[in-house]
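Student: generate coordinates for the sequence data below:
(one chain, ligands or ions: 2)
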Amino acid sequence: MALNRSLKIAPSILSADFANFGAECEAIEAQGADWVHVDVMDGHFVPNITFGPSTCAAIRPHIKGVMDVHLMIAPVDPYIDAFAKAGADVITAHVEAGPHIHRTMQAIRAAGAKAGVALNPGTPASSVEYLLDMVDLVCVMTVNPGFGGQKFIHSQVEKVRQLRAMIGDRPIHIEIDGGVDATTAPLVVAAGADVLVAGSAVFRGGSVSNPAPYGANIKAIRDAVLSTTV
Ligand code: DX5
Ligand code: ZN
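Tutor: Ligands and ions are numbered 1, 2, ... in the order given. Here you go, the predicted structure:
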């Protein structure tokens with residue numbers, strides 16, 4: 001099965017107007033977003049709280065493309081069915097979230113979603129070695145999860161390179177999450193990433209009533225990647 005490794009920009013609605021998620025999702029898709037990245041935080045696995053499956057279900061009708069749900073919660077397994085029913089296309093859980101990540105990946109696929117596994121910056125690439133035949137996406141955190149607007153951690157670029165080599169020709173996306181902008185995007189794409197999550201770098205300067213900056217910000221990231229890869 002061939003996987004489309006073309007560049008995909010996935011704006012994180014963590015940087016959107018929380019009072020207006022539906023319109024924000026529509027605005028970023030109209031402005032060129034490929035996927036919509038949805039950050040779920042529990043105040044336990046990470047030091048911040050966002051929202052849960054009901055919010056995901058509420059925004060689902062406002063997203064035409066891929067709803068990419070990033071679970072920063074522990075435990076994960078009791079909530080998988082709820083996020084799948086809410087319409088998540090991809091459900092990503094952290095390898096650090098519990099002792100049974102293998103079972104978690106099985107459960108995500110059994111619920112009918114694509115399975116993603118995320119690694120915190122301190123977690124080595126080898127931690128997902130025995131999961132690679134059962135996942136659709138590996139998410140490399142390039143900040144410590146919990147908040148938008150943090151600085152990109154450069155040591156993670158080498159981890160992306162290692163994962164790309166480990167993955168070989170398996171149909172697995174490599175997603176980057178945290179501190180992605182026009183400066184850092186080319187580094188991770190060159191190392192093998194194809195899905196770029198970006199919160200602050202996409203939403204900065206725009207709003208639902210003035211969405212053009214979203215499009216310009218997405219284009220700036222895309223152009224920066226293109227100009228360094230051709
Ligand atoms: C961090 C979240 C990210 C975050 C990215 O915990 O998982 O998706 O919103 O935001 P920026 O692009 O601002 O680093
Ligand atoms: Zn995220």
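
Student: in PDB, could you pull the C-alpha coordinates for the longest helix anywhere in the chain?
Tutor: In the chain, with assignment by DSSP state H, the single longest helix is helix 212-229. The C-alpha trace of helix 212-229 is given here as PDB (Å, rounded to 0.1, in the frame of the first residue of the first chain):
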ATOM      1  CA  ALA A 212      -6.400  35.700   5.200                       C
ATOM      2  CA  PRO A 213      -3.300  35.700   7.500                       C
ATOM      3  CA  TYR A 214      -4.000  32.000   8.200                       C
ATOM      4  CA  GLY A 215      -3.600  31.300   4.500                       C
ATOM      5  CA  ALA A 216      -0.500  33.500   4.300                       C
ATOM      6  CA  ASN A 217       1.000  31.700   7.300                       C
ATOM      7  CA  ILE A 218       0.300  28.200   5.900                       C
ATOM      8  CA  LYS A 219       1.800  29.300   2.600                       C
ATOM      9  CA  ALA A 220       4.900  30.600   4.300                       C
ATOM     10  CA  ILE A 221       5.500  27.200   5.900                       C
ATOM     11  CA  ARG A 222       4.900  25.400   2.600                       C
ATOM     12  CA  ASP A 223       7.100  27.800   0.600                       C
ATOM     13  CA  ALA A 224       9.900  27.500   3.100                       C
ATOM     14  CA  VAL A 225       9.800  23.700   2.700                       C
ATOM     15  CA  LEU A 226       9.600  23.800  -1.100                       C
ATOM     16  CA  SER A 227      12.400  26.400  -1.400                       C
ATOM     17  CA  THR A 228      14.800  24.200   0.500                       C
ATOM     18  CA  THR A 229      13.900  20.800  -1.000                       C
END
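
Student: show residues contacting that helix.
Tutor: The contact list for helix 212-229 (C-beta atoms under 8 Å, 6 or more residues apart in numbering) reads 7, 9, 11, 27-28, 31-33, 180-183, 185-186, 189-190, 196, 198, 201-206. Placement of C-beta: from N, CA and C, glycine included.

Student: please tell me I have it right and residue 173 contacts residue 3.
Tutor: Yes - with contacts counted by C-beta atoms under 8 Å, residue 173 reaches residue 3, the gap being 6.9 Å.

Student: of the two, who's got more company?
Tutor: Legend: neighbour count by other C-beta atoms under 10 Å for residue 173 and residue 3, higher for residue 173 (22 against 13).
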